[in-house]
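# here's a sequence, model it:
(one chain, ligands or ions: 1)
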Amino acid sequence: MNNPSQKTLVLLRHGQSVWNLQNRFTGWTDVGLSDQGHAEAIQSGRRLATEGIQFDIAFTSVLKRAIKTLWLALEEMDQMWIPVQRSWRLNERHYGSLQGEFKHEMAERVGEEQVQRWRRSFDVRPPLLTVGDKRFPGCDPRYAKLRSDQLPLGESLKDTIERTLPYWHRSIVPAFDAANRVLIVAHGNTLRALVKYLDNVSDDEIVHLDIPTGVPIVIPVNDAIQPATSIRESIPSQLSKHGVVPPPVLSNDTVKGSDLRFVPSPSQQEAHP
Ligand SMILES: O=C(O)[C@@H](CO)OP(=O)(O)O
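Sure, this is the predicted structure:
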């Protein structure tokens, strides 16, 4: 990369998951990558290797579609040795009782506008789980250290921002004291949460933002760890900059997703959550 002393943040959404492919609400369900997602993860590492970025540290969630994407990208860059921190705070937004449902079936039941409202609105929560539901995160040992008020029954983007930003401020920003190159591999809605905060996107505008799977977003940041330029504007240009616009994702998720659009346009698992 041109200037090794330039502080740089790279955001990467995991590659396509099996449930993205099947067009199902996923949230905290721990599903793996599809074959296409596996290929996207490798391709993202190849793109970053071409950029010549040597990372100092990486952050990811505790969900395997993000963890595996990170592994494959780091392997492709031959940087598997760098420190990695995982946190539930980077998990996908919890989709409540929608988790496991097929998005197109739900659209037939409740209408496309309602589905899109659940998917992209700022403060609309999905229908909530009950504590007795087997999908409740309190049943999963990886969340055993969370307080009961931290275990979601279903989250809006607003809720997701509120649990993600403390990790940004307490763990990721301080990492830049000793690091110039920081990689975050996370999920569509946690990355929307970070971009909303970093780009100061309004509650109304955030409904338009989608983050593509497996495409690294390279963001030069200043000493205050603020982006030097608009992240949103850099997303499409980076897609074309690499000369490879990912093929239209042929998953039902994407096809139905755009059809549904009603708005225009433990290596070091966090000990104290
Ligand atoms: O199902 C999910 O968890 C997310 C990401 O795949 O879906 P959406 O894009 O609808 O928020």
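
# leaving aside the residues adjacent along the chain, what's closest to Gln6?
Pro220 (5.5 Å; C-beta to C-beta, 6 or more residues apart in numbering). Glycine gets a C-beta too; all of them are placed from N, C-alpha and C.

# please tell me how far that neighbour sits from the ligand.
Per C-beta to the nearest ligand atom, to the nearest Å, Pro220 is found 27 Å from the ligand.

# swap in Leu191?
In terms of C-beta to the nearest ligand atom, Leu191 sits 10 Å off from the ligand.

# where does the residue nearest to Gln6 fall, helix, sheet strand or coil?
Secondary structure state of Pro220, per DSSP: H, G, I helix; E, B strand; the rest coil, is strand.

# I'd assumed Thr229 was in contact with it.
Yes - assessed by C-beta atoms under 8 Å, Pro220 is found in contact with Thr229 at 7.2 Å.

# so for these two, which sits in the more crowded spot?
Pro220 (15 against 12; other C-beta atoms under 10 Å).

# report the contact partners of that one.
Gln6, Lys7, Thr8, Pro227, Ala228, Thr229 (C-beta atoms under 8 Å, 6 or more residues apart in numbering).

# the residues you listed: which two are farthest apart?
Spanning the widest gap among those are Lys7 and Thr229, at 13.5 Å by C-beta to C-beta.

# re the thing from before, partner residues bridging the residue nearest to Gln6?
Thr8 (DSSP bridges).

# nearest residue to Asn91 in space, please, no chain neighbours.
Ser61 (4.5 Å).

# surely the one you found touches His94?
No - taking contacts as C-beta under 8 Å, Ser61 lies outside contact range of His94: 11.8 Å.

# so where is the chain shaky, pLDDT-wise?
1-2, 236-273 (pLDDT under 70).

# at 50 instead, please
Applying pLDDT under 50 to the chain flags the ranges 240-273.

# show me what from it comes close to the ligand.
Taking C-beta under 6 Å from any ligand atom as the contact definition, the chain meets the ligand at Asn20, Phe25, Thr26, Gly27, Glu92, Tyr95, Arg119, Gly188, Asn189.

# 5 Å instead?
Phe25, Thr26, Gly27, Glu92, Arg119, Gly188 (C-beta under 5 Å from any ligand atom).

# can I get those residues in JSON lines including distance to Glu205, secondary structure and neighbour count?
JSON lines is the format used below for the residues of the chain next to the ligand (distance: C-beta to C-beta, whole Å; DSSP: H, G, I helix; E, B strand; the rest coil; neighbours: other C-beta atoms under 10 Å):
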{"residue": "Phe25", "distance to Glu205": "24", "secondary structure": "coil", "neighbour count": "22"}
{"residue": "Thr26", "distance to Glu205": "24", "secondary structure": "coil", "neighbour count": "24"}
{"residue": "Gly27", "distance to Glu205": "23", "secondary structure": "coil", "neighbour count": "25"}
{"residue": "Glu92", "distance to Glu205": "21", "secondary structure": "coil", "neighbour count": "26"}
{"residue": "Arg119", "distance to Glu205": "16", "secondary structure": "helix", "neighbour count": "23"}
{"residue": "Gly188", "distance to Glu205": "16", "secondary structure": "helix", "neighbour count": "19"}
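
# distance of the residue minimising distance to the centre of the chain from Arg65?
By C-alpha atoms, centre = their mean, the mean C-alpha position of the chain lies nearest to His187, the distance being 1.7 Å. Distance, His187 to Arg65, using C-beta to C-beta, to the nearest Å: 8 Å.

# which neighbours do those two have in common?
His14.

# hey, where'd the strands end up in the protein?
8-13, 57-60, 84-86, 181-186, 217-220 (DSSP state E).
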